[in-house]
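# predicted model and sequence below, questions to follow.
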Amino acid sequence: MDIFSLIPQFGGLLYTIAAFVIALSVIVAVHEYGHYIVGRWSGIHAEVFSIGFGPVLWSRVDKRGTKWQIALLPFGGYVKFLGDANAASGKDDDTMTEMAEQSPEALRRTMHGAPLWARAATVAAGPVFNFVMSILVFGAIFWSEGVTREPLTIASLKPLPGTVQGLQDGDEIIAIEGIATPDIDDGNTWSEFRDALPVEPVLDYTVIRDGETLDVAGPWLFPPLIQQVTPRSAAMDIDLKAGDVITSVDGDPIFAFDQLKEHVESSDGRALLLNVWRDGADLEFALAPRRTDEPLADGGFATHWRIGIVGGMMLEPATVPAGVGESLSVGVSQTMRIIEGSLSGMWHMITGAISTCNISGPIGIAETSGAVASQGAQSFIFFIAVLSAAIGLLNLFPIPALDGGHLVFYAYEAVSGKPPSDKALRILMGIGITMILSLMLFSISNDLFC
């Protein structure tokens, strides 16, 4: 075996690990900072703020006496509040006794000596900060991209092979085949407009160019052009790339993305031969579509054959700046969609409506991190925001050892007037840790065998 042939694979592995560590570290830092800052605001002293576990690589102690550190194993993190030490019961009896003997003020600075509201707010802050991060990132991306200018205006035309192209950059498209172009951001109207267009390789476009109304010929608006490749998909496995144009399937020439979709959906998983145009070169690829569970608008799921690509228009539309309020609204909507989709997906897996292979573990997340990072900084940042919302939701599940489990304990204390006994806490924490480890092992088996 030529050892040098392993260098690209080894480099790809390092790239994947680095992307995963960066993504996870950012999410963990935001989550733990939520615990830390709300705890500090609530009067609870943090002794240690750690990114990672194990041997400490770097640390410093700030003026408040909190030790900030980065540890060797970058797969998580924690904030150790004063009085926190015993993982089984959540209490450090020696510290609590010592604080109580000193003064009520000293006891108040501990996690377990703080009022119930302060403890609950501190625990809830981690997931909340994950959600806030997702909202801000999604909003910032929408703000940076802007909203589509009306009427639909060509910022740039995407390269296509052998097409009639009478359109130019800067053209304002006011009609196609005599049908007025609607607001592209109005999903329902835009879908109706698209469905009304005749599926032909050449269409008549009515445009305004330099103040003059012209009729010009142009290609079908939605060609089989790859705009994005889905991580861990059949398309990514054979190295299809954004910008590729699929010109035929099994020898059948195509010019519309919907034609490609029909071939894929009717394949029943049979391998397809694709002819692809890439930067002027004609290439051939073979791939087999995979069954994919996709969310529906009503909260359900539908299973389709997919190869893992996203299409788009043959032009890049011009945009105008988006407002801050509108951007934040989009950020909230996107975060809510992730939360609702995750909950719906879990329910459908529990009921057997969709495959449990939809659960990804650390290996799958690492592979996705590397794949998304290779598509550019914006895609990687978007992925981090998606993962942040999902991890925030996971931490709110009422499982002992997770934030949601602690909030359940606090709810019990609020109702009964006293916290659960140390014995009950030890048993429940043991059950919670067992559940988490079981889920992790199950997700890893999915990564390896699904």
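Looks like it arrived, so ask away.
# just give me how far the host helix or strand of Ser342 sits from the chain centre.
Assigned by DSSP states H and E, Ser342 belongs to helix 324-350. Centroid separation for helix 324-350 versus its chain: 10 Å, with C-alpha atoms, centre = their mean, to the nearest Å.
# buried ones in it?
Neighbour-count burial for helix 324-350 flags 327-328, 330-331, 334-335, 338-339, 342, 344-346, 348-349 (criterion: 16 or more other C-beta atoms under 10 Å). (Each C-beta comes from the backbone N, C-alpha and C, glycine too.)
# which of these lies closest to Tyr36?
Of all those, the one sitting nearest Tyr36 is Thr335; the distance, using C-beta to C-beta, is 22.1 Å.
# contacts only, for that closest one.
Listed by C-beta atoms under 8 Å, 6 or more residues apart in numbering, the contact set of Thr335 reads Phe131, Ser134, Ile135, Phe138, Ala389.
# next one: Arg119
Arg119 touches Ile44, Met111, His112, Tyr410, counting by C-beta under 8 Å, 6+ apart.
# I'd guessed the first one sits against His112; true?
No: proximity of Ile44 to His112 does not meet the contact threshold set by C-beta atoms under 8 Å, at 9.5 Å.
# more neighbours: the two, which one.
The neighbour comparison of Ile44 against His112 (other C-beta atoms under 10 Å) goes to Ile44, with 27 against 20.
# which ones are touching the more buried one?
Contacts here follow C-beta under 8 Å, 6+ apart; on that basis Ile44 touches Phe81, Leu82, Arg109, Thr110, Met111, Ala114, Ala118, Arg119, Thr122.
# in the stretch 151-300 of the chain, which spans are strands?
In the stretch 151-300 of the chain, the strands defined using DSSP state E, counting those that start in this stretch lie at 154-157, 172-176, 179-180, 202-209, 212-219, 228-229, 245-249, 252-253, 272-278, 281-287, 290-295.
# take these and lay them out in TSV including distance to Thr368.
Listed next are the strands of the stretch 151-300 of the chain as TSV, based on distance: least, C-beta to C-beta, whole Å:
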stretch	distance to Thr368
strand 154-157	29
strand 172-176	36
strand 179-180	39
strand 202-209	37
strand 212-219	33
strand 228-229	12
strand 245-249	24
strand 252-253	32
strand 272-278	23
strand 281-287	19
strand 290-295	15
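# next step: the contacts of Thr335 restricted to helices.
Assignment to helices by DSSP state H places the following of the contacts of Thr335 there: Phe131, Ser134, Ile135, Phe138, Ala389.
# and the gap between the nearest residue to the first one once chain neighbours are set aside and Gly404?
To tie it back to what came earlier, the one meant is Phe131. Leaving aside its chain neighbours, Phe131 sits nearest to Gly392 (5.0 Å; criterion: C-beta to C-beta, 6 or more residues apart in numbering). From Gly392 across to Gly404, the span is 11 Å (C-beta to C-beta, to the nearest Å).
# out of these two, which sits in the more crowded spot?
Gly392 (26 against 19).
# doesn't Pro127 make contact with the more buried one?
Yes: counting by C-beta under 8 Å, Gly392 does reach Pro127; the two are 4.0 Å apart.
# domains of the protein?
According to automatic domain parsing, the chain comprises the domains 147-219, 228-313.
# for Pro419, which of these is the nearest?
Of these, nearest to Pro419 by C-beta to C-beta is domain 228-313, at 37.1 Å.
# how far out from the middle of the chain is the closest one?
With C-alpha atoms, centre = their mean, you get 21 Å for domain 228-313.
# start and end of it, how far apart?
Domain 228-313 has an end-to-end distance of 12 Å (criterion: C-alpha to C-alpha, to the nearest Å).
# now it: mean pLDDT?
When pLDDT is averaged over domain 228-313, the result is 93.
# now for the protein, the helix or strand with the poorest mean pLDDT.
None of the helices or strands of the chain scores lower by mean pLDDT, DSSP states H and E than helix 93-102, at a mean of 54.
# can you name the next helix or strand after it?
Following helix 93-102 in sequence order, the next helix or strand is helix 104-108 (DSSP H and E).
# confidence score at Trp190?
Looking at Trp190, its pLDDT stands at 91.
# would you agree it is in contact with Ala196?
No: between Trp190 and Ala196 there is no contact under C-beta under 8 Å: 10.7 Å.
# looking at those two, which one has more neighbours?
Between Trp190 and Ala196, Trp190 has the larger neighbour count (other C-beta under 10 Å), namely 16 against 10.
# mind listing the helices for this structure?
Assigned by DSSP H, the chain shows helices spanning 7-41, 93-102, 104-108, 116-145, 187-196, 234-237, 257-265, 324-350, 362-373, 377-395, 403-416, 422-449.
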